[in-house]
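Undergrad: turn this into a structure:
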Amino acid sequence: NWEGDISQSILDAFEEEYGITVHCIPYESQEEAVADIRAGKAYDVVVLENQLIQGLAQDGLLSEIDYHNVPNFKNISPNFRDLAYDPQNLHAIPYSWGTTALVVRTDLVDPPVTRWADLWEPQYKGKIIVWPLPRYVIGMALKAEGYSLNTEDPEEIEIATQRLIEIKSHFQVRKWSPAVSVHYLVSGSAFIAMGEADDATEGKKQTTSIEYVLPEEGAILWGDNFTIPANAPHKESAEYFINFLLRPEISAQIINETYYWLPNDAALSLIEPEIRNNPAIFPPSDVLQNAEILMPLSAEGEALYRDAWQRFMQPPEKHTWKSR
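TA: Below is the predicted model of the structure:
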């Protein structure tokens, strides 16, 4: 899972009730987790985003879930069931979802930042934090150009890649971790950060000048899921663990601690009011009008994005000068 997403107190409560110890192994990116699964490393539960499920399932690398062991699936909102990337929820149970947008030090930007396209303004050189997550970074450039997050059109991906290369010097690339950008925004070493609701919520505790901005071109919608690899050593225990996390009081605790929206209808009444009424965490539907969900790509699409990311990340060319 992502580091810090489930508190130790929840893991301890599961161990006390079931006598099963949970060893939580954090990753720096979900692509790292996918590579581990494909390499045959054994895990019992792996948290994966929507767009990563289909390929692993088609390759026989995810178990089908036995719902006799997960009766609390009934708490999952109907809007999050039976989605295109995993029909009938055979291989994945929705865990959390949210938006990726912009966290802004409003007192340090002028004019106000309202769009992804604003990141191309020259005054933000070296003052923007992004994550080393290809679909997100390329995605924001695609949205800035008016294209879909999930396009596989080579010309559109090329335009977005060139646009990113143009402003590479604007970015500080920081590995993702909870509220990673807060320190940089509070100190003023960054003015803008690719971020989520927790970044803005934590940042506001230190300065009221931090705001969460859903870009006019549309935010990126992400969704994490519980999955069980096909080679999981303790599949039944994994299902008991997932079922435990879907209890209303446990899901509500996760929401109250992480500021992520879990699509658990039974937990809603247990969420702290200031969180439930926070539009950054529970955005109204009208501001999500242009938002898009990250979806799986074809093998050809994956190759296009992989090439685009490698070109964006490669160091600038060095020139050797010779005197006459």
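Undergrad: every contact and neighbour count from this point should use C-alpha atoms.
TA: Fine.
Undergrad: which SS class is Tyr212?
TA: Three-state assignment for Tyr212 (DSSP: H, G, I helix; E, B strand; the rest coil): strand.
Undergrad: which phi and psi does the residue nearest to it when sequence neighbours are not counted have?
TA: Leaving aside its chain neighbours, Tyr212 sits nearest to Val103 (4.7 Å; criterion: CA to CA, 6 or more residues apart in numbering). Main-chain torsions, Val103, degrees, to the nearest 10: phi -100, psi 120.
Undergrad: Val103 reaches Thr201, doesn't it?
TA: No: counting by CA atoms under 8 Å, Val103 does not reach Thr201; the two are 9.8 Å apart.
Undergrad: more neighbours, these two?
TA: Neighbours per residue, other CA atoms under 10 Å: of Val103 and Thr201, the larger number sits with Val103, 29 against 23.
Undergrad: and the helix or strand hosting Gln54, what's buried?
TA: Using DSSP states H and E, Gln54 maps to helix 50-58. For helix 50-58, a neighbour-count test (16 or more other CA atoms under 10 Å) marks 50-57 as buried.
Undergrad: closest one to Thr99 out of these, please.
TA: Using CA to CA, Asn50 is the member of the buried residues of helix 50-58 that lies nearest Thr99, at 13.4 Å.
Undergrad: excluding sequence neighbours, find me the nearest residue to the closest one.
TA: That would be Gly223: by CA to CA, 6+ apart, it lies 5.7 Å from Asn50.
Undergrad: state the pLDDT value of the one you found.
TA: At Gly223, the model reports a pLDDT of 93.
Undergrad: which strands or helices does the host helix or strand of it pack on?
TA: In this assignment (DSSP H and E), Gly223 forms part of strand 220-227. Judged by 3 or more CA pairs under 8 Å, 6 or more residues apart in numbering; DSSP states H and E, the packing partners of strand 220-227 are strand 46-49, helix 50-58, strand 93-105, helix 134-144, strand 292-293.
Undergrad: nearest to Phe171, out of those?
TA: Closest approach to Phe171 among these is made by helix 134-144 (10.6 Å; CA to CA).
Undergrad: Ile250 is nearest to which of the helices and strands packed on strand 220-227?
TA: Across the helices and strands packed on strand 220-227, Ile250 has its closest neighbour in strand 93-105 (12.0 Å, CA to CA).
Undergrad: quick one: work out the angle between that closest one and helix 50-58.
TA: 150 degrees (axes from the mean of the first three to the mean of the last three CA atoms, to 10 degrees).
Undergrad: avg pLDDT for strand 93-105?
TA: Averaging pLDDT along strand 93-105 gives 95.
Undergrad: same check, this time on stretch 200-216
TA: Across stretch 200-216, the average pLDDT comes to 92.
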